[in-house]
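just to be clear, the model below is a prediction. Sequence and coordinates:
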Amino acid sequence: KNEVEQSPQNLTAQEGEFITINCSYSVGISALHWLQQHPGGGIVSLFMLSSGKKKHGRLIATINIQEKHSSLHITASHPRDSAVYICAVKVAGGTSYGKLTFGQGTILTVHP
Amino acid sequence: NAGVTQTPKFQVLKTGQSMTLQCAQDMNHEYMSWYRQDPGMGLRLIHYSVGAGITDQGEVPNGYNVSRSTTEDFPLRLLSAAPSQTSVYFCASQAEGASYNEQFFGPGTRLTVL
C-alpha cells in the first residue's frame, strides 16, 4: 500500500462545477504539498500545508492532521484547470531537507 | 531569473549508451533533487543534494550517478542506459531551512531508451 493515496485517479467535470480531490496518507508528516502538472508541462507548487486551510483564487486546500487527510477544492472549474494534481508529503522527523513522498496524481479534465 | 532549467527536453538513447541530464538553478538554493515519473506511479526520488559536495541516494538510485560541484548545477548521469530507465526526469530545488519550503521543478526531460 502506498504511503500516499489520492482519489479519484481520474475526474471529469463540466465547466463551473465544484471539484474535490482527496489525499490520504499513512505516516506522520510535517508538511503536505499540492502540485499541478499541465499536459507536457512542468510541475508547479500550489499549496504547502501543515495545518488548517489555505485559499488562493478559486483553489482551496484543507488538511486534517488527526485523520491524515487533505482535500483540494476547485470552485467554478474552468477548462484551463485541466491538469494532473499531485499530493506529496514530507514525512515527520529527519532533516530539514524536503524529501517528499508523492501520490500517483489525479487527472482532471474540465469540459466547456 | 530562470528558476530551474533542464537540458535536453527530449532524448533517445540505445541500450548501453551513457549520457548526462543537466540541471541548473539560479535561486541560490542549497537543496536539489532528481525525480523520475513513470505512468501509474508517483514521482520517485533518485538522488538529492543538500549542498555543494554533498549528495545522497533516494528511493531509486541504481543506474544513476550525481555530483554537486557548485550550488547551481546538479547533473544526473546514466552510466549504461537500460529500457527500464525510459521515463520523464524532473530536477527540483528548494531553499534550505524549514521543511515546508516550496520545491521548484524544472520542465522535465523525456528520455526513451531503446
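Happy to help now that I have it.

quick check: residues of chain B near chain A?
For chain B, the contact set with chain A under CB under 8 Å from any CB of the partner chain comprises B:31, B:33, B:40-45, B:48, B:50, B:58, B:90, B:92, B:94, B:96-108. Every C-beta, even on glycine, is put in place using the N, C-alpha and C of the backbone.

ok, of the residues you listed, which come out buried?
Among these, those classed as buried by neighbour count (16 or more other CB atoms under 10 Å in any protein chain shown) are B:31, B:33, B:42-45, B:48, B:50, B:58, B:90, B:92, B:94, B:99-108.

so how far is chain B from A:Gln6?
Separation of A:Gln6 from chain B (CB to the nearest CB, to the nearest Å) stands at 9 Å.

in which helix or strand would I find that residue?
Assigned by DSSP states H and E, A:Gln6 belongs to strand A:4-7.

so which bits of that strand are buried?
For strand A:4-7, a neighbour-count test (16+ other CB under 10 Å) marks A:4-6 as buried.

helices and strands around that strand, which ones?
strand A:19-25, strand A:83-91 (3 or more CB pairs under 8 Å, 6 or more residues apart in numbering or on different chains; DSSP states H and E).

among the buried ones among the residues of chain B next to chain A, which are in strands?
Using DSSP state E, B:31, B:33, B:44-45, B:48, B:50, B:90, B:92, B:94, B:103-105 are the members of these that sit in strands.

can you redo those residues as JSON lines with pLDDT?
Compiled in JSON lines, those are given as follows (pLDDT from 0 to 100):
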{"residue": "B:Tyr31", "pLDDT": "91"}
{"residue": "B:Ser33", "pLDDT": "94"}
{"residue": "B:Arg44", "pLDDT": "94"}
{"residue": "B:Leu45", "pLDDT": "93"}
{"residue": "B:Tyr48", "pLDDT": "93"}
{"residue": "B:Val50", "pLDDT": "90"}
{"residue": "B:Phe90", "pLDDT": "96"}
{"residue": "B:Ala92", "pLDDT": "94"}
{"residue": "B:Gln94", "pLDDT": "88"}
{"residue": "B:Gln103", "pLDDT": "84"}
{"residue": "B:Phe104", "pLDDT": "91"}
{"residue": "B:Phe105", "pLDDT": "94"}
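
name the nearest of the residues you listed relative to chain A.
Taking CB to the nearest CB as the measure, chain A lies nearest B:Phe105 of those, at 4.0 Å.

got a list of what that closest one touches?
Taking CB atoms under 8 Å, 6 or more residues apart in numbering or on different chains, we find B:Phe105 in contact with A:35, A:42-45, B:4, B:90-92.

weed out the non-buried ones from those.
Applying 16+ other CB under 10 Å to the contacts of B:Phe105, the neighbour count classes A:35, A:42-43, A:45, B:4, B:90-92 as buried.
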